[in-house]
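> give me coordinates for this.
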Amino acid sequence: MKRIILFLLPFAFWCCSEDAISTDTLDQITFLGEIEWVKTYGGSGEDTAQSIIQTSDGGYAVLGYSNSINGDLMGKTQEVNDYWLLKLDANGDLEWSKTYGGSKDDKGQSVIQTLDGGYAIVGYAMSDDGDGTNNQGFHDNWILRLDASGNILWEKSFGFAGHDHSYDVVQTPDGGFFFAGFLDVTLSNGEGNFGKGSYLTRHGVGEFWGTKLDANGNLQWRRYFGGTNNDRAHGVVQANDGGFVMAGFSESDDFDISNTKGSYDFWVVKVDSSGNMLWERSFGGTGIEISYDIVKTQDGGYAIAGNTFSTDTDVSKNNGESDVWLIKIDDSGNLLWERTFGGTGFDAARGLSTTSDGGFVLAGNSKSLDGDASESNGENDLWVIKTDAQGNLTYQQSFGGANLDFGFDVLENSNGSLVVVGETASDLFQDIGSKGMTDLVIIKIK
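Numbering: from 1, shown residues only. As a prediction, the model looks like this:
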C-alpha cells in the first residue's frame, strides 16, 4: 500500500579509532524477532485494521472499519460498517478513536499523515448521510481530510452508478492528493477520464482508476486504465519524477494491457504527473497472481507483493497451493528479481514496507505449517516475513489462535522493530480473549 516512512538518523563520524562509533546507534537497529506487545481493539461485531502509519509523535495511526456499537466503539449507534481511525501511543495504547460514515456500508482502507500533522483517509462508502454528503451509486471512492485530532476538515465522494473503490492514497508535493483503486466503467459512460479533453471508449467490468485532487479536495483530473475484464489497482506510490505507479491485478489481455502471462497477473501502470500512461507491465505465470501493495525502493525502483498460484513464466517456484510473491522492478518496469515464500497451504501477502537496510517486511496470512512457514497456531495465521535487499528470507513468524487471523499492513520503526496490524476471529489470539466476531489486532515485534 502504501506507506514509506523516512527517519533522520544521526551520522557517526570517525574520530581517532573505530571506538568512536556509538554502540548505542548500532543497538538502535537491532532486530530480535521477539514479541514486545500485542493489543486488540473492537466490540461484539466485526472489526478490522487495514492500514498503519507511524505518526510524527512516535505513536501510530491505524485505519480500518467496524460494525460494532459497543466495547471500544461505544458511542457508535448503527450496526453497519464505518471507517474506524485509531490513534495509539508508542506502546500501542489507545489515545483516541473516531468513526466516520453513515447508515450504509463504509470501509476505510488507507491512512496517511499530512504535511500539517493531520490525516487523510480513503476507502469506499455507500452512505450519503451522516458524515457523507453524496453517493452516486453503490460504493463510491470516499476521501476525508482530518485535523490532528481526527476532526473532519472536508470530505469528498467520487463515483458513478456502479461499485467504485479506492485502496491507497499519497499526498503530493503541491499539498493535494492522489488515490488509486478501481472504477466500474460499464456504468461510467467514459466520464472516469475527467480532464483528458475527450472521453475514451469504456472498456470492461473494472479498471485501474487514479484520481488527482488539489489540497481542498477539488478534482483536478482522473484516468482509468484496463481492458474488457476485471482490473483493480490496490496500491500507489509517487515516482521520483512526479508521476505515479499503481499496482494491482488484471484479468484482461486487450486495450491498455499487453504481454499477459495468465488468467490473472500482477499489473503495474506508470503515469506522468498529468495522468498520461508512460508504461504498463504484466508479471506472473499461467495461474493466478494478485498484488496488493507497492513500495518505492531506495534506488528508485519498486517492490510489489501479493500471491501467486503459478509455477512457470515469471514465477520460478511454488511451494504449494498459493505462495507469497515479492517482485522488484526498476523505474522502467523491468523485472529485476522475484521471490516466493510459503508452504503447501494457502499463503498470501497483503502489506509491504521497506526497511532501513534496504530490505522488505511483509504482512499477510498463512495456512501452511511447512516450507517457509515453520509453525501454525490454527486454521489460518497472521504471517510476518522479513527479507534483505535482494528478497532473501531473514525472518518469519506466524501469530494467531485456533480460527482465522490475517495481517494487512506492517511498518518498521527507526529502531528496527516491526508493527503489524490485521484482524483475528480466534477466541484466544496470542492468549488474549476475543471481544467479538473479529477484533482489530496490533503486534509490536522487537
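> would you map the strands across the stretch 301-446 of the chain?
302-308, 323-329, 335-341, 347-354, 360-366, 381-387, 393-399, 405-412, 418-424, 428-429, 432-433, 439-445 (DSSP state E, counting those that start in this stretch).
> of all these, which lies closest to Glu95?
Glu95 lies closest to strand 439-445 among the strands of the stretch 301-446 of the chain, at 13.3 Å (Cβ to Cβ). Backbone N, C-alpha and C define where each C-beta goes, glycine included.
> before we move on, the earlier item: can you list the strands of the stretch 301-446 of the chain in JSON lines and add distance to Gly262, mean pLDDT and mean neighbour count?
Shown next, in JSON lines, are the strands of the stretch 301-446 of the chain (distance: least, Cβ to Cβ, whole Å; pLDDT from 0 to 100; neighbours: other Cβ atoms under 10 Å):
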{"stretch": "strand 302-308", "distance to Gly262": "9", "mean pLDDT": "98", "mean neighbour count": "28"}
{"stretch": "strand 323-329", "distance to Gly262": "13", "mean pLDDT": "98", "mean neighbour count": "26"}
{"stretch": "strand 335-341", "distance to Gly262": "14", "mean pLDDT": "98", "mean neighbour count": "19"}
{"stretch": "strand 347-354", "distance to Gly262": "17", "mean pLDDT": "98", "mean neighbour count": "27"}
{"stretch": "strand 360-366", "distance to Gly262": "21", "mean pLDDT": "98", "mean neighbour count": "28"}
{"stretch": "strand 381-387", "distance to Gly262": "24", "mean pLDDT": "98", "mean neighbour count": "27"}
{"stretch": "strand 393-399", "distance to Gly262": "25", "mean pLDDT": "97", "mean neighbour count": "18"}
{"stretch": "strand 405-412", "distance to Gly262": "25", "mean pLDDT": "98", "mean neighbour count": "27"}
{"stretch": "strand 418-424", "distance to Gly262": "28", "mean pLDDT": "98", "mean neighbour count": "27"}
{"stretch": "strand 428-429", "distance to Gly262": "36", "mean pLDDT": "96", "mean neighbour count": "20"}
{"stretch": "strand 432-433", "distance to Gly262": "40", "mean pLDDT": "96", "mean neighbour count": "14"}
{"stretch": "strand 439-445", "distance to Gly262": "34", "mean pLDDT": "98", "mean neighbour count": "25"}
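> and the helix or strand encompassing Glu95, how far out from the chain middle?
According to DSSP states H and E, Glu95 maps onto strand 94-100. Centre-to-centre, strand 94-100 and its host chain are 20 Å apart (Cα atoms, centre = their mean, to the nearest Å).
> name the helices or strands packed onto it?
With contacts taken as 3 or more Cβ pairs under 8 Å, 6 or more residues apart in numbering; DSSP states H and E, strand 94-100 sits against strand 82-88.
> the strand it packs on: which residues count as buried?
Asp82, Tyr83, Trp84, Leu85, Leu86, Lys87, Leu88 (16 or more other Cβ atoms under 10 Å).
> the fifth one and Leu404: what is the separation?
It refers to Leu86. Leu86 is 21 Å from Leu404, where distance means Cβ to Cβ, to the nearest Å.
> just the second one next, same as before
Separation of Tyr83 from Leu404 (Cβ to Cβ) stands at 23 Å.
> how about stretch 156-172: buried residues?
Buried residues in stretch 156-172 (16+ other Cβ under 10 Å): 156-160, 162-172.
> go on, stretch 280-296?
Neighbour-count burial for stretch 280-296 [16+ other Cβ under 10 Å]: 280-285, 287-296.
> Trp154 reaches Leu146, doesn't it?
No: counting by Cβ atoms under 8 Å, Trp154 does not reach Leu146; the two are 9.3 Å apart.
> so for these two, which sits in the more crowded spot?
Leu146 (22 against 13; other Cβ atoms under 10 Å).
> bridging residues for that one?
Leu146 has these beta-bridge partners by DSSP bridges: Tyr119, Ile152.
> tell me who's in contact with it.
Leu85, Gly118, Tyr119, Ala120, Ile121, Ile152, Leu153 (Cβ atoms under 8 Å, 6 or more residues apart in numbering).
> one more time with 7 Å
Neighbouring residues of Leu146 by Cβ atoms under 7 Å, 6 or more residues apart in numbering: Gly118, Tyr119, Ile121, Ile152, Leu153.
> just the buried residues of these.
Gly118, Tyr119, Ile121.
> out of the residues you listed, who's nearest Arg222?
Ile121 (18.8 Å).
> give me the contacts around the helix or strand hosting that closest one.
Using DSSP H and E, Ile121 sits within strand 119-125. Strand 119-125 is contacted by residues 61, 63, 83, 85, 101, 106-114, 132, 139-146, 157, 164-166, 169, 171, 177, 179 when judged by Cβ under 7 Å, 6+ apart.
> ranges for the helices of this protein?
23-27 (DSSP state H).
> shaky segments in it?
In the prediction, the chain carries residues with pLDDT under 70 at positions 1-28, 186-190, 195-201.
> how about Glu321, what does it touch?
Thr344, Gly345, Phe346.
> ugh, typo on my part, it should be Glu155
Asp131, Gly132, Thr133, Trp142, Ile143, Leu144.
> which of those residues are buried?
Asp131, Gly132, Trp142, Ile143, Leu144.
> can I get those in TSV including distance to Gly33?
Shown next, in TSV, are the buried ones among the contacts of Glu155 (distance: Cβ to Cβ, whole Å):
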residue	distance to Gly33
Asp131	41
Gly132	43
Trp142	38
Ile143	37
Leu144	36
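> hang on, Asp147 packs against Asp116?
No: contact between Asp147 and Asp116 fails when scored by Cβ atoms under 7 Å: they sit 8.2 Å apart.
> give me the neighbour count for the residue lying closest to Asp106 once chain neighbours are set aside.
Using Cβ to Cβ, 6 or more residues apart in numbering and skipping residues adjacent in sequence, the residue nearest Asp106 is Ala125, 3.9 Å away. As a burial measure, Ala125 scores 36 neighbours (other Cβ under 10 Å).
> now swap in Gln78 and tell me
Count around Gln78 with other Cβ under 10 Å applied: 15.
> next: Phe346.
For Phe346, using other Cβ under 10 Å, the count is 17.
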